[in-house]
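Asks: kindly generate the corresponding structure for this input.
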Amino acid sequence: VHFISHAEGYHNVETAATGSNECLLRGDKPAREHPLWDARLTPKGVQQAEELKHYLAARPSGGRSFTAYDLVVVSPLTRALETARQTFGRSRTSGVP
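Replies: Below is the predicted model of the structure:
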């Protein structure tokens with residue numbers, strides 16, 4: 001079992017720039033109205049996921065490359081889905097090896 005966090009998202013850039021998580025507070029507004037709601041990956045985040053793909057492909061895991069995975073479980077957040085897609089590629093059709 002391996003756990004991988006999402007790569008850099010726009011919300012990470014904003015919290016680093018402001019020095020706090022207060023920029024993520026939404027007050028009384030619905031979450032969907034916040035500009036950082038379900039933040040996507042930054043270009044740097046896409047590059048990080050691509051680098052992870054290459055790192056994992058070269059790392060042996062039980063005698064086979066790590067790209068021979070059986071199951072990938074991903075959060076429904078856009079940044080997590082983007083990280084998984086960039087790292088592991090498109091999903092296969094269910095039931096097809």
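Asks: could I get the full set of strands for the chain?
Replies: All strands of the chain, identified by DSSP state E, fall at 60-61, 64-65.
Asks: any idea which of those strands scores lowest on pLDDT?
Replies: Note on the strands of the chain: strand 64-65 shows the lowest mean pLDDT, a mean of 61.
Asks: average pLDDT for the longest helix along the chain, rounded please.
Replies: Of all the segments of type helix in the chain, defined by DSSP state H, the longest one is helix 43-58. Taken as a whole, helix 43-58 carries a mean pLDDT of 92.
Asks: may I see the buried residues of it?
Replies: Buried positions in helix 43-58, judged by neighbour count with 16 or more other CB atoms under 10 Å: 45-46, 48-49, 52-53, 56. From N, CA and C alone the C-beta is placed, and that goes for glycine too.
Asks: need the outlier residue of the protein, farthest from its centre.
Replies: Within the chain, the residue lying farthest from the chain centre (CA atoms, centre = their mean) is Asp28, at 27.9 Å.
Asks: the bottom helix or strand of the protein by mean pLDDT?
Replies: Counting by mean pLDDT, DSSP states H and E, the chain has its least confident helix or strand at strand 64-65, which shows a mean of 61.
Asks: shaky segments in the chain?
Replies: Applying pLDDT under 70 to the chain picks out residues 60-68, 95-97.
Asks: export the buried residues of helix 43-58 as TSV, with columns for distance to Pro35.
Replies: Formatted as TSV, those follow (distance: CB to CB, whole Å):
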residue	distance to Pro35
Gly45	17
Val46	20
Gln48	22
Ala49	23
Leu52	27
Lys53	29
Leu56	33
